[in-house]
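Engineer: This is a predicted model, with the sequence first.
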Amino acid sequence: MAKTIIVSNRLPVRVEGNAQDGLKFVPSEGGLATGLGSVYQEGENIWIGWTGYHPKSIQEEYEILDYLKKENMRPVSLTSEDVKLYYEGFSNTILWPNFHYFPQYIEYKDEYWESYQEVNKKFCSELLKYISEEDTIWVHDYQLLLLPQMIRDIFPKISIGFFNHIPFPSYEMFRLLPWRKQLLNGLLGADLIGFHTYDDMRHFLSSVSRLAARSVKEQHVQNGERIVLVDSFPMGIDYQKYATSAASPDTIAQEVLFRTSLQGKRVILSIDRLDYSKGIPQRLKAFELFLEKYPEYLNIISLVLLVVPSRGNVEKYQELKQEIDLLVGRINGRYAMMDWTPIHYFYRSLPLTKLSALYRIAEVGLVTPMRDGMNLVCKEFIASKLDKSGVLILSEMAGSAKELSDAILINPNDVNQIIEAIHQALTMPREEQIQRNEIMQKSLQRYNVHHWVKVFMNNLKKIKKEQKALEIRQLDESGVQLLLDDYEASQQRLIFLDYDGTLKTFYKEPNDAFPDEELLVMLEKLASDSRNHVVIISGRGRDPLEEWLGHLAISMICEHGVWLRAKGKDWKKLRDVDDHWKKEIYPVLDSYVSRTPGSFIETKDYSLVWHFRRVELGLGELRSRELTSHLKYMARDRHLQVLEGDMVVEIKNFEVNKGVAARKWIKKYPADFHLAIGDDWTDEDTFGAMPPDSFTIKVGVQNSRARFNVDSVDDVRALLEKIVK
Ligand code: GDG
């Protein structure tokens with residue numbers, strides 16, 4: 001039976017052990033574990049990952065395995081060396097700082113990279129013990145970026161989803177990594193790649209198109225025969241869990257204890273894992289300056305600072321811990337009174353009851369990361385506010401700021417803004433607090449972690465369906481055989497071939513478009529069969545095609561059908577076409593050339609083309625969108641059509657198109673076999689003009705009117721080779 005396998009660096013359980021008490025299994029309370037509980041605890045489904053513990057004996061190993069089996073989990077065993085190089089090294093000293101925009105903290109080391117590859121392979125080998133082609137695999141986070149392609153190499157058709165829990169940096173940051181291409185290629189093994197925010201997704205797509213040489217259309221990446229969907233799925237929390245915990249008698253009893261100790265002081269709450277991305281020192285400095293600027297809050301307000309130990313073996317984290325210790329000491333030393341501690345500092349993890357009690361007590365949640373993929377603490381704070389009071393101050397740099405726009409949003413680098421935000425929060429009227437929190441609670445209730453899992457899984461199913469639909473149309477061996485049989489059995493054949501992108505690959509320099517020897521020989525062979533009538537049907541102007549192919553016994557249709565040349569005859573115009581508009585449109589295109597270095601205008605007899613294939617990536621696309629909307633407006637009352645092609649914008653008379661020309665040809669030259677091959681959307685008109693039962697083939701894995709799809713020019717050439725044999 002098909003099953004779902006979750007894979008992440010850590011399992012949702014922590015194993016602890018000491019000689020006296022033996023092993024202890026501590027289930028994770030994290031949002032991911034809860035959200036995915038409904039997945040991995042079902043039937044045959046499993047979760048694969050590391051336990052965080054190195055077993056000391058075979059007995060321990062068995063004990064762990066036994067426990068995990070009962071919980072639908074399977075361990076990946078990592079050595080201390082793996083943890084040092086793959087986890088603390090590559091994951092947390094290279095990827096983490098890069099993805100969080102701290103390039104100065106990166107230590108580029110080849111041994112880290114070596115280990116990262118090895119450990120990703122280890123995860124893959126562990127998976128292979130359980131996996132089959134009909135399963136669904138959901139890989140989590142930046143420690144396993146190479147895993148999707150490793151699985152794909154063995155199971156080409158399997159469903160693979162990937163979710164990145166941390167930000168994806170802009171191309172400018174990502175490209176610093178020496179292994180950037182391998183990382184992207186690894187990820188593109190997935191069918192669905194998810195991020196928390198639209199910006200992360202946009203950054204990823206920009207890196208893919210610039211660094212991985214894949215074509216990107218909106219949210220789809222063309223990866224060989226497979227399309228990969230990229231989307232944003234902002235992760236939610238288990239809302240009910242936090243709301244219920246906040247209402248529980250244990251939590252309320254704990255709250256009473258805390259309040260007694262605090263002696264009526266008001267509370268600002270700060271909770272994070274120890275991490276430089278969370279902006280803890282900056283927050284402490286802002287709190288100190290707040291007390292300096294608003295001394296009326298001395299002896300009134302306390303900051304409860306909960307820092308959960310994390311990555312203690314990484315140097316930067318040890319330095320950060322020292323910095324926080326010093327800052328807390330300094331501020332408390334400066335301001336503390338016998339009956340007031342400005343900062344209550346806890347460097348440990350607290351049980352959920354205490355956490356919920358803190359969420360309840362706090363009037364202000366101060367969440368000011370320098371960068372955060374999402375940040376769940378701020379969502380939990382809001383969910384725990386059963387009476388809807390309390391104010392959230394939230395950094396714009398957290399993914400959650402996109403959803404929680406009713407919080408007081410701040411830039412964590414602007415210390416004055418944080419100071420004023422604290423003041424605003426402490427003086428905010430209760431009605432306003434309720435109004436803001438009500439909106440946020442509604443949204444968090446709806447977009448909870450279960451919703452997140454459901455939407456991600458549905459999208460994975462959707463993209464697999466789309467892939468299947470395209471696969472069915474893929475010209476496979478039986479399709480080729482059908483074509484060859486019909487070809488053999490026919491007496492008169494009409495063969496329409498587009499040129500650029502169909503017979504010749506996309507080119508950067510104009511000279512690259514010349515037909516190569518192999519192509520010329522093939523066209524010659526094709527044309528030499530007296531039953532074949534070969535027609536090159538192209539958007540190009542007459543001159544280049546005449547020069548390159550004029551010596552062959554073929555027909556040509558140029559400029560999308562303005563000019564026709566039946567084999568052995570002279571060029572003819574399809575009809576008289578007006579070209580006065582060119583004088584008006586040319587200056588418009590020229591103004592875009594002036595603003596866009598690398599672009600140029602091609603003048604054909606009855607159309608104008610603005611080329612941007614040599615323009616800086618991104619700028620060309622931006623200008624082409626601008627130009628297209630500019631031209632569409634002008635085209636309306638001039639009966640012109642604006643075509644967006646591959647790195648070109650073309651403007652031509654509306655009544656001229658490949659379909660009209662193809663229809664004329666079909667009528668004039670009756671045949672019992674029709675073949676049309678093309679790659680862009682101007683070829684859709686040709687496909688539409690073909691009689692039923694024709695063989696129409698679209699180059700590229702996209703939807704089309706054509707009956708079949710092939711991937712590339714190489715496939716077209718291979719097909720034509722078979723035909724002429
Ligand atoms: C990564 C991304 C993204 C904290 N202290 C205690 C405790 N916690 C729990 C919180 C919260 C979780 O830890 C922290 O989650 P965050 O989302 O805030 O941050 P990261 O750990 O950095 O998580 C982040 C997340 O992945 C999910 O995709 O949002 O951006 O960096 O749930 O409640 N829990 C308990 N005691 C504590 O003392 N029980």
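Structural biologist: Sure, I can see it. Numbering: from 1, shown residues only.
Engineer: what's the burial count for Ser694?
Structural biologist: 20 (other Cβ atoms under 10 Å). In this view, the C-beta of every residue, glycine as well, is placed from N, C-alpha and C.
Engineer: Quick check: the gap between the closest residue to it other than its chain neighbours and Ile554.
Structural biologist: For Ser694, ignoring the flanking residues on the chain, the nearest one in space by Cβ to Cβ, 6 or more residues apart in numbering is His674 at 3.7 Å. Counting by Cβ to Cβ, to the nearest Å, the separation of His674 from Ile554 is 16 Å.
Engineer: now Phe162
Structural biologist: As judged by Cβ to Cβ, Phe162 and Ile554 stand 48 Å apart.
Engineer: Give me the more crowded residue out of these two.
Structural biologist: Between Phe162 and Ile554, counted using other Cβ under 10 Å, the more crowded position is Phe162 (27 against 23).
Engineer: so which strand or helix has that one?
Structural biologist: strand 159-163 (DSSP states H and E).
Engineer: That strand - contacts with which helices or strands?
Structural biologist: strand 136-140, helix 147-154, strand 192-195, helix 449-473 (3 or more Cβ pairs under 8 Å, 6 or more residues apart in numbering; DSSP states H and E).
Engineer: List the buried residues of the helix or strand following it.
Structural biologist: Sequence order places helix 171-174 as the next helix or strand after strand 159-163, per DSSP H and E. For helix 171-174, burial by neighbour count (16 or more other Cβ atoms under 10 Å) applies to Tyr171, Met173, Phe174.
Engineer: and the closest residue in space to the last one that isn't next to it in sequence, what element?
Structural biologist: If the residues on either side of it in the chain are set aside, Phe174 comes closest to Ser207, at 4.9 Å by Cβ to Cβ, 6+ apart. Using DSSP H and E, Ser207 sits in helix 198-211.
Engineer: So is that helix next to the ligand?
Structural biologist: No. Shown here: helix 198-211 not in contact with the ligand (Cβ under 6 Å from any ligand atom), separated by at least 10.6 Å.
Engineer: from the chain's centre, how far out does stretch 149-164 sit?
Structural biologist: Computed by Cα atoms, centre = their mean, to the nearest Å, the chain-centroid distance of stretch 149-164 equals 15 Å.
Engineer: for the record, mean pLDDT for the strand holding Phe162?
Structural biologist: Strand 159-163 shows a mean pLDDT of 98.
Engineer: Quick one: check it for contact with the ligand.
Structural biologist: No. Judged by Cβ under 6 Å from any ligand atom, strand 159-163 and the ligand are separated, with a smallest distance of 8.0 Å.
Engineer: okay, the angle between that strand and helix 147-154?
Structural biologist: 170 degrees (axes from the mean of the first three to the mean of the last three Cα atoms, to 10 degrees).
Engineer: what lines up beside strand 159-163 in the sheet?
Structural biologist: If you go by DSSP bridges, strand 159-163 pairs up with strand 136-140 (parallel), strand 192-195 (parallel).
Engineer: For the chain, which residues are neighbours of the ligand?
Structural biologist: Counting by Cβ under 6 Å from any ligand atom, the residues of the chain close to the ligand are 29-31, 165-166, 235, 271, 273, 306, 308, 349-350, 352, 355, 372-377, 380.
Engineer: In ChimeraX, how would I select just the buried ones from those residues?
Structural biologist: Remark: buried members of the residues of the chain next to the ligand, expressed as a ChimeraX selection using 16+ other Cβ under 10 Å:
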select :31,165,166,235,271,273,306,355,372,373,374,375,376,377,380
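Engineer: So which of the residues of the chain next to the ligand belong to helices?
Structural biologist: Gly31, Leu352, Leu355, Val377, Glu380 (DSSP state H).
Engineer: and of those, the nearest to Lys157?
Structural biologist: Gly31 (31.5 Å; Cβ to Cβ).
Engineer: Correct me if wrong: the closest one contacts Asp238.
Structural biologist: Yes. Between Gly31 and Asp238 a contact is recorded at 6.3 Å, counting by Cβ atoms under 8 Å.
Engineer: Output the buried residues of helix 171-174 as a markdown table; include the columns pLDDT.
Structural biologist: Output for the buried residues of helix 171-174, formatted as a markdown table (pLDDT from 0 to 100):
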| residue | pLDDT |
| --- | --- |
| Tyr171 | 96 |
| Met173 | 98 |
| Phe174 | 98 |
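Engineer: Pick out whichever of those sits closest to the ligand.
Structural biologist: Of all those, Met173 has the smallest distance to the ligand: 16.5 Å, by Cβ to the nearest ligand atom.
Engineer: quick revisit: please identify the deepest-packed of the helices and strands packed on strand 159-163.
Structural biologist: strand 192-195 (a mean of 26; mean count of other Cβ atoms under 10 Å).
Engineer: Thanks a lot, see you next time.
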